[in-house]
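Asks: here are the coordinates; sequence isn't available:
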Ligand SMILES: Cc1cn([C@@H]2O[C@H](COP(=O)(O)OP(=O)(O)OP(=O)(O)O)[C@@H](O)[C@H]2O)c(=O)[nH]c1=O
């Protein structure tokens, strides 16, 4: 395959995208890059006038975003990534640099200044290679920028305001999104479209090619490009090459001299044939014995076809506590693992190999060991362990999803078919459920909350509030995170008596932990504790309209003007096809539904909340904040 090698070079690395931009995440995920998202906390406040040209500002901001994440991961979480990617998109018109509008008026100013004119969109990108020496972080930065010219049609006042009221401009440089409604404002685009969307993919791949496949002079095919230095195209690279894990140790290798050895199966692209070959194709032999490339290789479909196998391998390895056995640099042979988990040696070996192929384990001649990511997220007693949620996925969601066909036909949740008598809600009918089942469910929610709480707690400045009530706040992970970030907050978790009875074993220990209050009750039936900020995290998407009406009316009635409601949910894009995690969750067919940003906004407004702000965190959960109308409204 021709495209895969550049991205493939990063497969075995811990790659971090230091960006909250869902567009950047999508562009990179779409080409098969595997990465973690750690949004940067670097504030975009560099003095613009100190840069001779605008793209230097974008590059420097991208660099600072990436370096902040690299440093934070290294220092705070003791996890040094291999590569951190940062990006910054700006729009320039005349001498002005436009970033994201701060409010509608600002969006109006920006869009009016672009009306009827050509402007430039610059994205600066920084690729930071990290290593840890004597516990110190060492970084090597490669950066570049890409420019695309865009011309807007003349925009009438009416069109402008209609566009601004759609909400689309707010999180986008220059106040528009070319990939959505904003595309309708555009007369022409000269250059890389994805650069406007937020990430210059083509230039990025060329940069990777430059870093990982330094060419010998005589094999270089120069490609002319306005703003990119001449390098060989990345189309000419073959997968059949040895890996170079560090481009910096790789200055003289001539990868282009090697023949394009066909990969296993029928995937094959010849190299150095002088012309650009179709990329990523299935080769088929025609009647005269000549290889042809009739269609693009359906990598995405193949990945989806096999996805269930990968999920189940992860579930079973977690259930058998394989990652617990291999924690803390422990290296074991299959036979030792098999003995400890009381399984067959041949089965264990296949499972270990599967985990190694999925990047969860490392395999050497000495045996198998956890990757860093498995150590952090898959060992069951680690702070950020996802073990609980994985077991929930195996024991509960898996069974529900085996009934998906019926679920789709009937449009109902298949709890009864999957679990017999059990009801939908583990906590509604205690006669069917053991304490263990409830604890397992709480462990699952706890582990997902550990992953998301920080980004939800810091999505907005909450310093104006004094008291918070997290309704259905379960083990109190978000509550603790809120108190840690805002030490003056009084935080109460309000949840069902069965939940509150079991929260003690989930509480953090240590001298500096500020306490959180737990109150037992049913938010549908009982009075709610008083607070000036209410939180509903992962609640609304599971409730039908009637229940939402009861709950939101109740919260709205108790909220004084200026009080607020914070929702933590996955916010769908307006087409409701992204992010896939939310769309796939919908298939559980609970009586509730996933919503887009504008739907959450409407919902909150319907119950008297105004000035609704939405923060796409880049983590699993997004945050939506609305303020109770003052009486003047
Ligand atoms: C012109 C244009 C921009 N964008 C988005 O504008 C944000 C720029 O802001 P940034 O500061 O570079 O990034 P961010 O979103 O704040 O994320 P981060 O990297 O965390 O700073 C990015 O999102 C881009 O996609 C679009 O989605 N479409 C467009 O047509």
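Replies: It's in. For clarity, every value in this text was computed on a predicted model and none was experimentally measured.
Asks: give the contact list for residue 627.
Replies: Counting by Cβ atoms under 8 Å, 6 or more residues apart in numbering, residue 627 touches 562, 563, 564, 609, 610, 611. Yep, even glycine has a C-beta here, placed from its N, CA and C like the rest.
Asks: Confirm it sits in a strand?
Replies: Yes. Under DSSP: H, G, I helix; E, B strand; the rest coil, residue 627 sits within a strand.
Asks: who's it bridged to?
Replies: Counting by DSSP bridges, residue 627 forms beta bridges with residue 564, residue 610.
Asks: and the gap between it and residue 164?
Replies: Separation of residue 627 from residue 164 (Cβ to Cβ, to the nearest Å): 20 Å.
Asks: so where do the strands sit in the stretch 51-200 of the chain?
Replies: All strands of the stretch 51-200 of the chain, identified by DSSP state E, counting those that start in this stretch, fall at 83-93, 96-98, 118-133, 136-152, 186-190.
Asks: closest to the ligand out of those?
Replies: Proximity to the ligand (Cβ to the nearest ligand atom) singles out strand 83-93 among the strands of the stretch 51-200 of the chain, at 3.8 Å.
Asks: near the ligand, which residues of this structure show up?
Replies: Within reach of the ligand by Cβ under 6 Å from any ligand atom, the chain has these residues: 19-21, 23-24, 39-40, 44, 65, 87-89, 91, 100, 121, 171-174, 176-179, 182, 196-198.
Asks: what does stretch 347-362 rub up against?
Replies: The contact list for stretch 347-362 (Cβ under 8 Å, 6+ apart) reads 11-12, 34, 309-310, 313-314, 316-317, 320, 322-323, 326, 334-335, 337-338, 341, 343, 363, 368-371, 373-374, 378.
Asks: how many other residues sit next to the closest residue to residue 345 other than its chain neighbours?
Replies: Closest residue in space to residue 345, ignoring its immediate chain neighbours: residue 338 at 4.4 Å, by Cβ to Cβ, 6 or more residues apart in numbering. A total of 20 residues lie near residue 338 under the criterion other Cβ atoms under 10 Å.
Asks: Find out how far the helix or strand in which residue 338 is found is from the centre of the chain, if you would.
Replies: Here residue 338, judged by DSSP states H and E, is contained in helix 334-341. Helix 334-341 sits 35 Å away from the centroid of its parent chain (Cα atoms, centre = their mean, to the nearest Å).
Asks: After it, which helix or strand is next?
Replies: Assigned by DSSP H and E, the successor of helix 334-341 is helix 345-357.
Asks: Next, the angle from that next one to helix 334-341.
Replies: Counting by axes from the mean of the first three to the mean of the last three Cα atoms, to 10 degrees, helix 345-357 points 100 degrees away from the direction of helix 334-341.
Asks: Could you tell me which residues within the helix holding residue 338 count as buried?
Replies: 334, 336, 337, 338, 341 (16 or more other Cβ atoms under 10 Å).
Asks: hang on, the earlier thing: please pick the buried ones from the contacts of stretch 347-362.
Replies: Here, 16+ other Cβ under 10 Å leaves 313-314, 316-317, 320, 322-323, 326, 334, 337-338, 341, 343, 368-371, 374, 378 buried among those.
Asks: Sort out for me which of those residues are in strands.
Replies: Per DSSP state E, strands hold the following members of these: 368, 369, 370.
Asks: Pull the contacting residues for the first one.
Replies: The contact partners of residue 368, by Cβ under 8 Å, 6+ apart, come to 326, 331, 332, 333, 334, 337, 352, 355, 356, 361, 362.
Asks: Specify which member of the buried residues of helix 334-341 is nearest to the ligand.
Replies: Distances from the ligand to the buried residues of helix 334-341, taken by Cβ to the nearest ligand atom, are shortest for residue 337, at 40.3 Å.
Asks: Just list the residues touching that closest one, thanks.
Replies: Per Cβ under 8 Å, 6+ apart, neighbours of residue 337: 322, 325, 326, 348, 352, 368.
Asks: Name the residue of this protein that lies nearest to the ligand.
Replies: As assessed by Cβ to the nearest ligand atom, the ligand sits closest to residue 198 within the chain, at 2.6 Å.
Asks: contacting residues for that residue?
Replies: 21, 23, 24, 27, 87, 89, 123, 173.
Asks: Next one: it from residue 173, what distance?
Replies: Distance from residue 198 to residue 173, counting by Cβ to Cβ: 8 Å.
Asks: Show me the common contact partners of the two, please.
Replies: Shared contacts of residue 198 and residue 173, counting by Cβ under 8 Å, 6+ apart, come down to residue 89.
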